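K.L.:
Attaching a predicted model along with its sequence, questions to come.
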Amino acid sequence: KADADKAMSANLKYLSLGILVFQTTSLVLTMRYSRTLKEEGPRYLSSTAVVVAEILKIMACILLVYKDSQCSLRALNRILRDEILNKPMETIKLAIPSGIYTLQNNLLYVALSNLDAATYQVTYQLKILTTALFSVSMLSKKLGVYQWLSLVILMTGVLLYSYVLICGASIIWSLSLARRARGSWLAASSSGCHRPCRWPSDAQELDAKALSAGSQFVGLMAVLTACFSSGFAGVYFEKILKETKQSVWIRNIQLGFFGSIFGLMGVYVYDGELVSQNGFFQGYNRLTWAVVALQALGGLVIAAVIKYADNILKGFATSLSIILSTLISYFWLQDFVPTSVFFLGAMLVIAATFLYGYDPKPAGSATRA
Ligand code: C5P
């Protein structure tokens, strides 16, 4: 029986990690596509999208609790009352990671406004190290030699990868300048290019980067702070989840409750005027709903990964998804040319992922249950 439970738990671990790779990859690609697509009318407000994703996440979690309570509305009502309303001290614990996540989402907005997407995406991977350090200090997690080694290999892979991405961005920049110098820029973009063309946004991003070198420092500080907040909030959530008996879905409802409140405060502060002029759902289209749904799915999957695997493995899954999304964008958008250094970086990330999971059996431990 214990073996069956262990096998079930291992299956859920790999299933949740696989879904996380799929979710992160499709979210990155859908977001990139939604950014490059030119639509008429106002663009959707990201502050409202955050709130809608939190509410979708709460609704999905309520459905999961309903399913767990044998589809009885009465039982669902009782669980929600007993576990959330009648345990205010347990509920309030979730205000801490929720507040940190809200701050983090804002910091990442600052980071993305000041850094190009590639630098941001790769620098943010440093959260793998902060997460490992918080896991060791807050959860007393013991990492073996192979696991520390795999973290070092992972960081090397990520740094090589960043080198390639940043070089790639510089090539895009030089090419865009050359194109514009030839005056062929507008002609090229209006002459029936059917695939989403990323040149204008990349050129603008890179021009902005060149104009305000000082803002890179602000962006870098924001992303580095976000690395610490991501590690701390994730490990804090893991600690709450593994040290108390409440289900992961109840915990996520509590997290989403505070997340919605903090998110609504963000809407009021950043976009209050725009919302009162054009409404909360201004600029929403099918693609926006797809992005919001994928974000909500992300909340569910991250919670499942933290429960069945851990925060460090979550980092490996997102690293793999960066490689996957770059490869897909190479074949699909054809805007990235992989080089041998890119492949080396990718191979190191993949090798580190397997090494982290490698569990050499110490002699004599084979008979232990
Ligand atoms: O980058 P990082 O992995 O820290 O991002 C985690 C994201 O997942 C945050 O935006 C947070 O709001 C979300 N999350 C969630 N539910 C959880 C844990 C995280 O929605 N249980």
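P.N.:
Thanks, I have the structure now.
K.L.:
Please tell me how far residue 160 sits from residue 345.
P.N.:
As judged by Cβ to Cβ, to the nearest Å, residue 160 and residue 345 stand 4 Å apart. The way it works is simple: take the backbone N, C-alpha and C, and place the C-beta from them, glycine included.
K.L.:
Give the residue from these two that has the larger number of neighbours.
P.N.:
Using other Cβ atoms under 10 Å, the more surrounded residue of residue 160 and residue 345 is residue 345, with 25 against 20.
K.L.:
Could you show which parts of the stretch 151-300 of the chain are in contact with the ligand?
P.N.:
For the stretch 151-300 of the chain, the contact set with the ligand under Cβ under 6 Å from any ligand atom comprises 230, 234, 237, 252, 255, 298, 299.
K.L.:
which of those residues has the most neighbours?
P.N.:
In terms of neighbour count, residue 252 stands highest of these at 28 neighbours, by other Cβ under 10 Å.
K.L.:
Same list (the residues of the stretch 151-300 of the chain next to the ligand) but as CSV, adding distance to residue 355, pLDDT and secondary structure.
P.N.:
What follows is those, written out as CSV (distance: Cβ to Cβ, whole Å; pLDDT from 0 to 100; DSSP: H, G, I helix; E, B strand; the rest coil):
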residue, distance to residue 355, pLDDT, secondary structure
230, 23, 94, helix
234, 22, 94, helix
237, 26, 94, helix
252, 31, 94, helix
255, 32, 94, helix
298, 26, 91, helix
299, 29, 90, helix
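K.L.:
Show me which pair in those is furthest apart.
P.N.:
230 and 252 (17.1 Å; Cβ to Cβ).
K.L.:
In the stretch 101-250 of the chain, what residue comes closest to the ligand?
P.N.:
Here the stretch 101-250 of the chain gets closest to the ligand at one residue, residue 230, 3.2 Å apart by Cβ to the nearest ligand atom.
K.L.:
quick one, what contacts that residue?
P.N.:
Counting by Cβ atoms under 8 Å, 6 or more residues apart in numbering, residue 230 touches 104, 124, 127, 130, 131.
K.L.:
CSV for the residues you listed, including distance to residue 43 and secondary structure?
P.N.:
Listed next are the contacts of residue 230 as CSV, based on distance: Cβ to Cβ, whole Å; DSSP: H, G, I helix; E, B strand; the rest coil:
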residue, distance to residue 43, secondary structure
104, 23, helix
124, 23, helix
127, 28, helix
130, 32, helix
131, 33, helix
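K.L.:
Lowest-confidence entry in these?
P.N.:
Least confident by pLDDT among the contacts of residue 230: that is residue 124, with 82.
K.L.:
Would you enumerate the residues in contact with that one?
P.N.:
108, 111, 223, 226, 227, 230.
K.L.:
any low-confidence regions in this structure?
P.N.:
1, 32, 35-38, 116-119, 161-214, 333-338, 359-369 (pLDDT under 70).
K.L.:
Tell me the spacing between the one residue in it that gets nearest to the ligand and residue 251.
P.N.:
Closest approach between the chain and the ligand, counting by Cβ to the nearest ligand atom: residue 299, at 2.7 Å. From residue 299 over to residue 251 the distance is 11 Å, taken as Cβ to Cβ.
K.L.:
if I read this right, residue 90 contacts residue 246, doesn't it?
P.N.:
Yes. Between residue 90 and residue 246 there is a contact under Cβ atoms under 8 Å: 6.8 Å.
K.L.:
Touching both of these two, which residues are there?
P.N.:
residue 83.
K.L.:
about what we covered before: can you add distance to residue 341 and give the contacts of residue 230 back as CSV?
P.N.:
Output for the contacts of residue 230, formatted as CSV (distance: Cβ to Cβ, whole Å):
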residue, distance to residue 341
104, 31
124, 20
127, 23
130, 26
131, 26
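K.L.:
quick check, nearest of the residues you listed to residue 280?
P.N.:
Nearest to residue 280 among the contacts of residue 230: residue 104, at 23.0 Å, using Cβ to Cβ.
K.L.:
That closest one reaches residue 231, doesn't it?
P.N.:
No. In this structure residue 104 lies outside contact range of residue 231 using Cβ under 8 Å: 10.3 Å.
K.L.:
Great, nothing more from me.
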